[in-house]
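Colleague: got a predicted structure here, sequence first:
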Amino acid sequence: NYLPIFLDLRDRHCLVVGGSETAARKAELLLRAGARVDVAAPGLHESFARLPQADRLNRVADAFAPELLDGKDAVIVVEEDAAAAQRVAEAARARHIPVNVADKPALCSFILPSIVDRSPIMVAVSSGGESPVLARMLRARLETLIPAAYGRLSALAARYKDRVRAAVKPEQRRAFWEKVFLSPVAEMVFSGRDVEAEQQLDAMIRDAAHDISRGEVYLVGAGPGNPDLLTFRALRLMQQADVIVYDRLVSQPILDMCRRDAERIYVGKERDDHAVPQEEINLMLVRLAQEGKRVLRLKGG
């Protein structure tokens, strides 16, 4: 029901309507994203004074007025009075300004997800406002699965991005980074051995210049159609493939779990048409692999 997006609010101007402890938590999210925050409220909860980067926060009015929306890029409303909250939401929508109203999803043009923060890696979980408790439970589960050092690993990749771009051909870069993240480099970062990780990455970049790109073919059984029955290895290969060759027995939910930007080739039959002969499919798989591509033959059943 919602398109998940990440909004750049660095040095943008936002408005928070409300002065409660909940409003302070919303203001903190905006401040951590680099926004400048105006607050309209008759008074501020004491937690406002403890917010990070409080110098970027300014209480501008005791109550909301439409002119406070001028120049704003996003609005968050924490207001018990439903009629008052609706007035703010309608005024923001009339100006095409994204607005979120706490605990009133029907008034929102955007919703705030539960966040796993491993900056610059961010993971967001949302139930579309229908079950926030479940979303928070899923976030807690993810917190245990994603080490805090993932942020450092991402920062390492950012520092080496230009060097990899210069040393590795464009069509091989995705495979190169997958190899890095599945190599001892990641474990070295997770255990605090950053210098060793950089040395290992230096060696992998040197070796990449001599690598010969070789294609691969993965034969993966998609099972009876329930995504829950896929193996972890199947999921990993589905995410790594450059080309996905599939037929009508593969369910759409499983196809949706494949790498989104991969080329998709349908070889099944529709209505009275005949399916592509197996011999032709085999030749296609070989030809694509000889072009240096990672080819996934995804079979239902």
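Modeller: Looks like it arrived, so ask away.
Colleague: ranges for the strands of the protein?
Modeller: Counting by DSSP state E, the segments of the chain that form strands are 13-17, 36-40, 57-61, 74-77, 99-101, 114-118, 121-125, 216-221, 243-246, 263-266, 294-299.
Colleague: need these in a markdown table with mean pLDDT, can you?
Modeller: Output for the strands of the chain, formatted as a markdown table (pLDDT from 0 to 100):
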| stretch | mean pLDDT |
| --- | --- |
| strand 13-17 | 98 |
| strand 36-40 | 98 |
| strand 57-61 | 96 |
| strand 74-77 | 98 |
| strand 99-101 | 97 |
| strand 114-118 | 91 |
| strand 121-125 | 93 |
| strand 216-221 | 92 |
| strand 243-246 | 95 |
| strand 263-266 | 95 |
| strand 294-299 | 94 |
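Colleague: would you reformat those as JSON lines and include distance to residue 148 and mean neighbour count?
Modeller: (Each C-beta comes from the backbone N, C-alpha and C, glycine too.) Shown next, in JSON lines, are these (distance: least, CB to CB, whole Å; neighbours: other CB atoms under 10 Å):
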{"stretch": "strand 13-17", "distance to residue 148": "27", "mean neighbour count": "25"}
{"stretch": "strand 36-40", "distance to residue 148": "27", "mean neighbour count": "22"}
{"stretch": "strand 57-61", "distance to residue 148": "27", "mean neighbour count": "15"}
{"stretch": "strand 74-77", "distance to residue 148": "27", "mean neighbour count": "26"}
{"stretch": "strand 99-101", "distance to residue 148": "27", "mean neighbour count": "23"}
{"stretch": "strand 114-118", "distance to residue 148": "6", "mean neighbour count": "17"}
{"stretch": "strand 121-125", "distance to residue 148": "10", "mean neighbour count": "16"}
{"stretch": "strand 216-221", "distance to residue 148": "32", "mean neighbour count": "16"}
{"stretch": "strand 243-246", "distance to residue 148": "34", "mean neighbour count": "22"}
{"stretch": "strand 263-266", "distance to residue 148": "36", "mean neighbour count": "14"}
{"stretch": "strand 294-299", "distance to residue 148": "31", "mean neighbour count": "22"}
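Colleague: could I get those strands as TSV with distance to residue 201?
Modeller: Formatted as TSV, these follow (distance: least, CB to CB, whole Å):
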stretch	distance to residue 201
strand 13-17	38
strand 36-40	38
strand 57-61	40
strand 74-77	38
strand 99-101	40
strand 114-118	19
strand 121-125	18
strand 216-221	23
strand 243-246	28
strand 263-266	29
strand 294-299	22
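Colleague: how about stretch 231-244 as PDB, C-alpha atoms only?
Modeller: C-alpha atoms of stretch 231-244 as PDB (Å, rounded to 0.1, in the frame of the first residue of the first chain):
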ATOM      1  CA  THR A 231      16.500 -22.600   0.800                       C
ATOM      2  CA  PHE A 232      18.900 -19.900   1.900                       C
ATOM      3  CA  ARG A 233      21.200 -20.900  -1.000                       C
ATOM      4  CA  ALA A 234      18.400 -20.600  -3.500                       C
ATOM      5  CA  LEU A 235      17.600 -17.100  -2.200                       C
ATOM      6  CA  ARG A 236      21.200 -16.100  -2.500                       C
ATOM      7  CA  LEU A 237      21.500 -17.300  -6.100                       C
ATOM      8  CA  MET A 238      18.200 -15.600  -7.000                       C
ATOM      9  CA  GLN A 239      19.700 -12.400  -5.800                       C
ATOM     10  CA  GLN A 240      23.000 -12.800  -7.600                       C
ATOM     11  CA  ALA A 241      21.700 -13.800 -11.000                       C
ATOM     12  CA  ASP A 242      22.100 -11.500 -14.000                       C
ATOM     13  CA  VAL A 243      19.500 -13.400 -16.100                       C
ATOM     14  CA  ILE A 244      16.500 -15.300 -14.800                       C
END
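Colleague: which residues does it contact?
Modeller: 175, 178, 218, 220-222, 230, 255, 257-259, 262-265, 288, 293-296, 298 (CB atoms under 8 Å, 6 or more residues apart in numbering).
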